[in-house]
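Enquirer: below are the sequence and a predicted model; questions follow.
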Amino acid sequence: MTQEKHHATIDMPQNKPPTIFFSAGEPSGDLHGANLIRQLKERCPEIEAVGYGGPLMAEAGCRLHADLTALAVMWFARVLMNLHKFYRLLRRADRYFRDHRPDAVVMIDYPGFNWWIARKAKARGIPVVYYTPPQIWAWARWRVKKMRRFVDHALCSLPFEEEWLRRHGCNATFVGHPFFDEVRRHEYDERFIEEQKSRPGPLVAILPGSRGQEVSHNLRWFLKAAQIIRERQPDARFAVASFKPSQAETAKKLVEQSGLPIEIHLGKTPELMRAADCAMSVSGSVSLELLYHATPTVILYWISRPAYFVQKFFRKVKYITLVNLLSAGGLETDDISPFDPAQPDADRVLFPEYLTCEDKSSRLAAHIVEWLTDPSARAKRVEALTALKRQIAHGGASSRAAEYILHVVASGRPPAVDVY
């Protein structure tokens, strides 16, 4: 890994300040978009950022046309219920492309809607950049045709993504994962962390997700696992990390129904990751933050039985957790059956994971109990996580992406040398 470069100086066209249209619909996309906008403005203070995002992007200086993060929905039925809203936003974006012609369109994940944004921008002759592109190598690989057709530049967050996309005819460049930029710049509440660590008994963090749907689907199983853990480790403590006030209210009701003495904390997710001895979490980019803190974690992603049936036709990789894909060496495998703790290479799977429509609470509890009762097992897992962190958890993705995008805006082509 080379040291991060100094900011590139790029001569921008002088006739008008450059304008970049953003489209980010997930809370994580809002976060990554905000950090990218800050890096763009640091290099080109006059640049104008507009489009769809969330409150963090607005705070970073993006002039929002709409808060797209309010429509962070999953699965087909929920999408259909909001289809008319997405259609209005798409038409509004297309009118903006026609009337104002931004210098580039930068999309961040959120593929269901962003493919349509890319289609409209491409039809208007506007360069399209996909920052942290969707994981089409893992789900519904036929979508790579859309990437080839509608996206000019894919800025990849995972090392094996660049190779896979290039092999399938896409212009892809690895810039690193922007999540590590955020964990490096986060200002922790040290008093809260010390208070949690000073209390008697090991702490288990429960991370039920950033979407309301994830919380309602997964938290009940985490609480059931917590009950089993308490029976085997009576001094264990539990704390739920909530992303939004509405999710904290949902968690409060479920915790009250469980009868367990579990704390609920709003806006303290990074602190709980650092303070916890181990964790139970949903899958997603949160796994990278757990890797950064080397927190032994078991992953659950509970979905309905129909959704579980459908995903078997779309999923093309064995693991759904990014950390496990990285530790297992990438994508190439003939075995895409779900993780089983009895499989021969189970020790290579750093975060045991369960994509399921069944009750896996006893298995979740078994992993946590092992880490709480066997110091050598926990130490071995922490050591393995720390080793992987040293390999991949480097910052600078937002900086490299900003330099790449500004070069495209200024010259109409990517940098001549690899930005990473």
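Expert: Ah, there it is.

Enquirer: next, the buried residues of the helix or strand where residue 194 lies.
Expert: Here residue 194, judged by DSSP states H and E, is contained in helix 190-198. For helix 190-198, the neighbour count (16 or more other Cβ atoms under 10 Å) marks 193, 196 as buried. Heads up, the C-betas are built off the backbone N, CA and C, glycines and all.

Enquirer: any regions of the stretch 301-420 of the chain where pLDDT drops low?
Expert: 329-334, 416-420 (pLDDT under 70).

Enquirer: please pull out the lowest mean pLDDT helix or strand from this structure.
Expert: Every helix and strand in the chain was compared by mean pLDDT, DSSP states H and E; the lowest is helix 75-81, with a mean of 52.

Enquirer: tell me how far the following helix or strand past it lies from the chain's centre.
Expert: Using DSSP H and E, the next helix or strand after helix 75-81 towards the C-terminus is helix 83-100. Mean-position distance between helix 83-100 and its chain equals 26 Å (Cα atoms, centre = their mean, to the nearest Å).

Enquirer: which helices and strands does helix 83-100 pack with?
Expert: On a contact count with 3 or more Cβ pairs under 8 Å, 6 or more residues apart in numbering; DSSP states H and E, helix 83-100 meets strand 19-24, strand 48-53, strand 62-67, helix 111-123.

Enquirer: state the mean pLDDT of the helix holding residue 194.
Expert: Mean pLDDT, helix 190-198: 96.

Enquirer: mind starting the numbering at 19 from now?
Expert: Noted, 19 is the first residue going forward, which turns the last one into helix 208-216.

Enquirer: which other residues reach it?
Expert: Under the criterion Cβ atoms under 8 Å, 6 or more residues apart in numbering, residues 221, 257, 286, 289-290, 292-293 lie in contact with helix 208-216.

Enquirer: what angle separates the helix or strand following that helix from helix 208-216?
Expert: Remark: after helix 208-216, the chain's next helix or strand is strand 221-225, criterion DSSP H and E. Here strand 221-225 points in a direction 120 degrees away from that of helix 208-216 (axes from the mean of the first three to the mean of the last three Cα atoms, to 10 degrees).

Enquirer: partner strands of strand 221-225, with direction?
Expert: strand 255-260 (parallel), strand 296-299 (parallel) (DSSP bridges).

Enquirer: residue nearest the centroid of the chain?
Expert: Taking Cα atoms, centre = their mean, the centroid of the chain lies closest to residue 303, which sits 3.0 Å from it.

Enquirer: what's the most buried one of the helices and strands packed on helix 101-118?
Expert: strand 37-42 (a mean of 26; mean count of other Cβ atoms under 10 Å).

Enquirer: show me what that one is packed up against.
Expert: helix 45-61, strand 66-71, helix 101-118, strand 122-126, helix 129-141.

Enquirer: ok, which of these comes nearest residue 229?
Expert: helix 45-61 (7.9 Å; Cβ to Cβ).

Enquirer: please export the alpha-carbon coordinates of that closest one; PDB is fine.
Expert: Provided in PDB are the C-alpha atoms of helix 45-61 (Å, rounded to 0.1, in the frame of the first residue of the first chain):
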ATOM      1  CA  PRO A  45     -28.100   6.200   4.900                       C
ATOM      2  CA  SER A  46     -24.700   4.800   4.100                       C
ATOM      3  CA  GLY A  47     -24.800   6.400   0.600                       C
ATOM      4  CA  ASP A  48     -25.700   9.700   2.300                       C
ATOM      5  CA  LEU A  49     -22.600   9.300   4.500                       C
ATOM      6  CA  HIS A  50     -20.300   8.500   1.600                       C
ATOM      7  CA  GLY A  51     -21.700  11.200  -0.600                       C
ATOM      8  CA  ALA A  52     -21.100  13.800   2.200                       C
ATOM      9  CA  ASN A  53     -17.500  12.800   2.500                       C
ATOM     10  CA  LEU A  54     -17.000  12.800  -1.200                       C
ATOM     11  CA  ILE A  55     -18.600  16.300  -1.500                       C
ATOM     12  CA  ARG A  56     -16.200  17.600   1.100                       C
ATOM     13  CA  GLN A  57     -13.200  16.300  -0.800                       C
ATOM     14  CA  LEU A  58     -14.500  17.700  -4.100                       C
ATOM     15  CA  LYS A  59     -15.000  21.200  -2.500                       C
ATOM     16  CA  GLU A  60     -11.600  21.000  -0.800                       C
ATOM     17  CA  ARG A  61     -10.000  20.700  -4.300                       C
END
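
Enquirer: other SSEs contacting that helix?
Expert: Helix 45-61 packs on strand 37-42, strand 66-71, helix 73-78, strand 80-85, strand 122-126, strand 146-149, helix 197-203, helix 415-429, going by 3+ Cβ pairs under 8 Å, 6+ apart.

Enquirer: to residue 371, which of those lies closest?
Expert: Counting by Cβ to Cβ, residue 371 lies closest to helix 197-203 out of the helices and strands packed on helix 45-61; the figure is 18.0 Å.

Enquirer: show me what counts as buried in the closest one.
Expert: For helix 197-203, by 16+ other Cβ under 10 Å, it's 197-201.

Enquirer: by contact count, what packs against it?
Expert: Short answer (3+ Cβ pairs under 8 Å, 6+ apart): helix 197-203 packs on helix 45-61, helix 304-310, helix 415-429.

Enquirer: which residues does residue 377 contact?
Expert: Contacts of residue 377 (Cβ under 8 Å, 6+ apart): 239, 242.

Enquirer: next: residue 295.
Expert: So residue 295 contacts 220-222, 314, 389-390, 396 (Cβ under 8 Å, 6+ apart).

Enquirer: elements contacting the helix ranked longest in the chain?
Expert: Longest among the helix segments of the chain by residue count, using DSSP state H, is helix 230-250. Packing partners of helix 230-250 (3+ Cβ pairs under 8 Å, 6+ apart): strand 221-225, strand 255-260, helix 263-276, strand 296-299, strand 315-320, helix 379-391.

Enquirer: for the last one, the distance to its chain's centre please.
Expert: Put plainly, it is helix 379-391. 25 Å.

Enquirer: tell me the buried residues in it?
Expert: Using 16+ other Cβ under 10 Å as the test for burial, helix 379-391 gives 379, 381-390.
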